[in-house]
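Asks: quick one, fold the following:
(4 chains)
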Protein chains: 4
Amino acid sequence: MTSKKLSYSDYLQLSKILDSQSLQSEKKGNLVHDEMLFIIIHQAYELWFKQILHELDSIIDMFKGDYAQEENTGTVVARLGRIIEIQKLLIDQVGILETMTPMDFLEFRDLLTPASGFQSVQFRQIENKLGMDADDRVRFGKQRYDEYLESNDRRRALESEKEPSLFILLENWLERTPFLQFEEFNFWESYQESVEKMINDDIERINENTTVDEFARESSLKNYDAIKNTYEALFDEKKYQNLLNKGHRRMSQKATLGALFIKLYRDEPVLQMPHRLLTQLVDIDQLLTSWRYRHSLLVFRMIGVKIGTGGSAGHGYLKKTAEKHSIFRDVANLSTYIIPRSTLPELPKKLKKELGFYYNYDR
Amino acid sequence: MTSKKLSYSDYLQLSKILDSQSLQSEKKGNLVHDEMLFIIIHQAYELWFKQILHELDSIIDMFKGDYAQEENTGTVVARLGRIIEIQKLLIDQVGILETMTPMDFLEFRDLLTPASGFQSVQFRQIENKLGMDADDRVRFGKQRYDEYLESNDRRRALESEKEPSLFILLENWLERTPFLQFEEFNFWESYQESVEKMINDDIERINENTTVDEFARESSLKNYDAIKNTYEALFDEKKYQNLLNKGHRRMSQKATLGALFIKLYRDEPVLQMPHRLLTQLVDIDQLLTSWRYRHSLLVFRMIGVKIGTGGSAGHGYLKKTAEKHSIFRDVANLSTYIIPRSTLPELPKKLKKELGFYYNYDR
Amino acid sequence: MTSKKLSYSDYLQLSKILDSQSLQSEKKGNLVHDEMLFIIIHQAYELWFKQILHELDSIIDMFKGDYAQEENTGTVVARLGRIIEIQKLLIDQVGILETMTPMDFLEFRDLLTPASGFQSVQFRQIENKLGMDADDRVRFGKQRYDEYLESNDRRRALESEKEPSLFILLENWLERTPFLQFEEFNFWESYQESVEKMINDDIERINENTTVDEFARESSLKNYDAIKNTYEALFDEKKYQNLLNKGHRRMSQKATLGALFIKLYRDEPVLQMPHRLLTQLVDIDQLLTSWRYRHSLLVFRMIGVKIGTGGSAGHGYLKKTAEKHSIFRDVANLSTYIIPRSTLPELPKKLKKELGFYYNYDR
Amino acid sequence: MTSKKLSYSDYLQLSKILDSQSLQSEKKGNLVHDEMLFIIIHQAYELWFKQILHELDSIIDMFKGDYAQEENTGTVVARLGRIIEIQKLLIDQVGILETMTPMDFLEFRDLLTPASGFQSVQFRQIENKLGMDADDRVRFGKQRYDEYLESNDRRRALESEKEPSLFILLENWLERTPFLQFEEFNFWESYQESVEKMINDDIERINENTTVDEFARESSLKNYDAIKNTYEALFDEKKYQNLLNKGHRRMSQKATLGALFIKLYRDEPVLQMPHRLLTQLVDIDQLLTSWRYRHSLLVFRMIGVKIGTGGSAGHGYLKKTAEKHSIFRDVANLSTYIIPRSTLPELPKKLKKELGFYYNYDR
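Replies: Residues are numbered from 1 along each chain as shown, chains lettered A, B, ... in the order given. Here you go, the predicted model:
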């Protein structure tokens, strides 16, 4: 076939795509109308998972290289942006499944046993490539998630666990942020003063607040002790290591400081794209959470607190993962240490220049 | 394989679904990253088209039977509701394709010639099954849409043209609305008085309005002449036939009166579901229009006013169809003749009872 | 002024509406551009809260009367539907506030102390009128929510606590469901058989499932013990009272059975609207939760885990309420006891007739 | 009052905001429940219009200054982004008004005469500040839009017409794009070759396409003649002036070339923000169009083709403005001249450096 004759249907291989819906209820001699929707929506999910993997793989590849990353940052940001758009669609897509009544779902649910969305290897690959820590996964029983997969799928899932994840590559990239080692750069000192002032103002406000009782005050003050501690740890290698050991932090101290610098000076030209990138990763985390949450509500609507088709814990399991499976939480947590714009330490001229466009300093 | 061992991946035939993405740019030795998105989004569209057809076929089947339709109306409404949810998703889905830059699209666009979305037989089937009139179609050149399809697809498209469409079946169903032939039912007379009062009040308001000039007044009054004419035609067989002949109306007079009755007495128990059904059909029309419009904006963003990949007129063609391809416009147009709630003629007791629940009249 | 001269601006009282934005930062001599957004978005929220209260009050009034409620059900469903549309907008509206950077927010945040969204009396009225149980409220410290309000607002909030809430009125209405007391109606027996079969099938499946370990099996089986217990309690007055006493249930046994009957026979004409009403109440609950959750994410993005402007616990408090403040959970929980459509007990002819349209049984 | 005691309700001036809903139907002694929604939704629109004006004014101010604009571009992009988020909300907001039935609207519609959304001075200011050309406005009769406004509002609207609009300031800013005058920069020549190749390939494809008839071919070729003409005019002062005179173009040749350069080299660091800015302006145009279109559908649903409350032409007027009132169409139209990424002329090293970060060329 020459490309001259390429047809829409051949290009999209529609003969395969549209011939892949085989209803179990029909096979069993009692066709249930709504099973078609159940199949098609899951196939659409898997198509989009493939697209997300296509983007993720390309992003990971770009992060791996050692050539100047700035040239890639724009592309990375564009592709993460695409993943985010897809995630929003996947969340909205749940609304279509909600047009199925529980009574209709129960009509074919038993025929699907033990197949389960739990077995989507592409979804596991997405989690792993993003950087889900295998130890952070909510377990169902004492088994690992991969033990529910067929051998071929299991191999692919485990491979994606071993490869350097976006989390790891991001950490390396942030550690390389060059502006942190700037000569005579005492930026962190003035920053620390601002943070301390902000925190102390808050503590004062708590102590002066007459509308809360002793119990509430104590609990607020305790919270601020914790804030102070983790904040001090940011600048103290030992304390930080301690947080890492306890699992309270996952990202290295150096990378975290790099991320904080980017968040604070986000408006400087060189840092605009890196800042968007960090924001996007937190967005991706939150959208994964929203998707799991919306999914868990759907499962609850369909089967209540009964078990899922694969013997998975259904609604409860999904709700737990929605709460626990956050990957870039160390980046998200930095918002506690943002300071008012007007108290932001001024950058030394030389550094300011480094962060700017060539064009502006050229004359 | 027994159902005991049914796996997620087998159930969804993922080996076929996820092996159907073959990039033309890769075949030509110069892989373009974004072509994957182009393929997958169109495959997702086609999956959803299949689902819409699945719903449409079942709805048409239910409308065809002569057993008491009330039992089916709830199901029809639920399935039309599902089609609407899918349509909303398809519109949002365009947003994902918008993450592709025109420069990247142009990189592989020429490789796709002459394949084109114009060749989606499923989309044509949806239009035909809804009741698109072949004569209303915007032509590209002097050829019919089906002449661009491959022989097999063409046959399927033409078949869907010949079968009774939802439009035709709806028309029959509306003509059978039993309450229109109610004994001594002079409802239409009092209704006509209300409409005339409403229209005459408007005309008076136009004549008294000092803020518009003569030209605007003339044009408003002309508009009201037209309103009056088409309104009178509703109750005059000859005049109505004239509108049909000229193509100003498509639905029979009797069916139109049935629809109007349903719209006016939408709160009566028996009419609630039929009213939702009519509203849904207008929604489906508008969502098709929105999808075409959003699609035409996307094409414009990608190629401007240049031609589409299949030699189709691109943006211009899509914009035109967005404006012209309305199927249930006669139902939508009834809104001109809705009257204020308080001027709605009271129904005779006997009819009111007929429209109610058995339970309420049983004691 | 005569109505002839009514202007858009007078009608909407725009001179007041658009003159109500007074920036604290400007008063303090240092205008922060983004404070305008902060004011306007909260004013828009309060406008919509007023609209929700307008709908809720009218719904409560309709539920209070003792005239045949069927005539009102359509209107109630329409107005609940409007509340739901407003809630969706309120959730999307958060996205606009997300365009503000934390650094800009911190610039004027301290000027707002101790004002706080915690003090929105309209929001408290909405919660109370829906039927939030004062004892279920997440406390901040040992104080009640109303102790943070100014005297006038406090009085209004407490009043709304005392009036019959939508929850109470719904409970009464469900208890009156007439079809439950149908003569010789042994429907519940056959229903119980279906549920037991469904539950036992699930338990068998758990026991046969070789892919889970002992721990997971035990935990699944425990879950099913609980399901069986609460299910048996549905039909056992004493056991049910026990659940009520422990706070595991809030809605009366009789009302719960009424709701279950409606959920199961939702397709019968008389029950269609009541079913939509029940679904809407669960939707309203979930949308309140989603709004709180999205709001808590925003607060986290703005101030991290620091305290809110009114001394409230900020992100943590909002997250907790998102999880706990469910009002119609007993209705939502019924999904556990839904059975497959094909196992639904057939209704006795006489009852079937009672649930139908007069029209169909008239000939 | 000291700021210590600032309450939520005082801060937001809720006593004014929540006391500004006065129903005409209530005044006339016959309260219509749904009129409240009509008032509140329009008040919410006006609040958001005020916010849009707040952002627009600050953007126009930043564009006016002659200090280095790069420092502002990030802020401008952020604030345009906020306007876009608000526009999306305003479109969704229409969905709430759609919960009102036409019959209920007609119940109070006549009481509003002659007030009309046509009289929203804030909306006119938004259009004017964006740069709507007074001559492009769709007229209702022979009167100008401002003649429908009250004297005070009229003065404000006309003032906003006279001030330099965002369109004018953008044009100036684009004309100043420094990289266009680069020494020995023969970029446009190679670009022209790429465009010509692309266009000629398309023409060849049209001529070779055997699936279209003579008529379609002629019309396609005519379209390409037009494309070629306007494209040549881009580089020919006289021809371009001719397009301006005929009203086919509105933006100066120099500014248009600046915009084209930015669109083509959008990935270069210095051009990333300007490119987003251009994209946003086209988005704002399209969202205005979508809002008008959605609004016109709503009006059609409410009153059909009858006149609006202010004597305005209702649905027809809104539909026309949706099609004609585009401000940044010259920027949108550039998509016709985008070329495939791989044919983009390479920039001379010196220029490439100018467009880059200082940091990268510093060593």
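
Asks: apart from its neighbours in sequence, what residue is nearest A:Gln13?
Replies: Leaving aside its chain neighbours, A:Gln13 sits nearest to B:Ser20 (3.8 Å; criterion: Cβ to Cβ, 6 or more residues apart in numbering or on different chains). All C-beta spots, glycine's among them, are computed from the backbone N, C-alpha and C.

Asks: just the element for the one you found, please.
Replies: Under DSSP states H and E, no helix or strand contains B:Ser20.

Asks: contacting residues for A:Met36?
Replies: A:Gln21, A:Leu23, B:Gln51, B:His54 (Cβ atoms under 8 Å, 6 or more residues apart in numbering or on different chains).

Asks: could you check the pLDDT of the third one?
Replies: As summarised for this prediction, B:Gln51 has a pLDDT of 98.

Asks: number of nearby residues for the residue nearest to A:Arg154 when sequence neighbours are not counted?
Replies: Sequence neighbours aside, A:Asp146 is the residue nearest to A:Arg154 in space, at 5.0 Å (criterion: Cβ to Cβ, 6+ apart). Neighbourhood size, A:Asp146 [other Cβ atoms under 10 Å in any protein chain shown]: 18.

Asks: correct me if wrong: A:Asp146 contacts A:Leu158.
Replies: Yes. The criterion here is Cβ atoms under 8 Å, and A:Asp146 meets it with A:Leu158 at 5.9 Å.

Asks: what sits against the residue nearest the centre of chain A?
Replies: The geometric centre of chain A, computed from its C-alpha atoms, lies nearest to A:Asp285 (Cα atoms, centre = their mean), at 2.4 Å. Going by Cβ under 8 Å, 6+ apart, A:Asp285 touches A:Ser326, A:Ile327, A:Phe328, A:Arg329, A:Ala332.

Asks: among the residues you listed, which one lies nearest to chain B?
Replies: A:Phe328 (20.9 Å; Cβ to the nearest Cβ).

Asks: tell me the spacing between the residue nearest to that closest one when sequence neighbours are not counted and chain D.
Replies: Once flanking residues are discounted, A:Phe328 sits nearest to A:Leu281: 4.5 Å by Cβ to Cβ, 6+ apart. With distances taken as Cβ to the nearest Cβ, to the nearest Å, A:Leu281 is found 19 Å from chain D.

Asks: kindly report the same for A:His54.
Replies: Taking Cβ to the nearest Cβ, one finds A:His54 at 18 Å from chain D.

Asks: any idea which element the closest residue to that residue other than its chain neighbours lies in?
Replies: Once flanking residues are discounted, A:His54 sits nearest to B:Met36: 4.9 Å by Cβ to Cβ, 6+ apart. Assigned by DSSP H and E, B:Met36 belongs to helix B:35-64.

Asks: which positions in that helix come out as buried?
Replies: Neighbour counts over helix B:35-64 (16 or more other Cβ atoms under 10 Å in any protein chain shown) mark B:35-56, B:58-60, B:62-63 as buried.

Asks: let me know the pLDDT of the residue nearest to the centre of chain A.
Replies: pLDDT at A:Asp285 comes out at 94.

Asks: now swap in A:Ser312 and tell me
Replies: 59.

Asks: what's the answer for A:Asn229, then?
Replies: Taking A:Asn229 on its own, its pLDDT is 88.

Asks: so what's it up against?
Replies: Taking Cβ under 8 Å, 6+ apart as the test, what A:Asn229 contacts is A:Lys239.

Asks: chain center to the helix or strand where it lies: distance?
Replies: A:Asn229 belongs to helix A:214-233 when assigned by DSSP H and E. How far helix A:214-233 lies from its chain's middle: 28 Å, per Cα atoms, centre = their mean, to the nearest Å.
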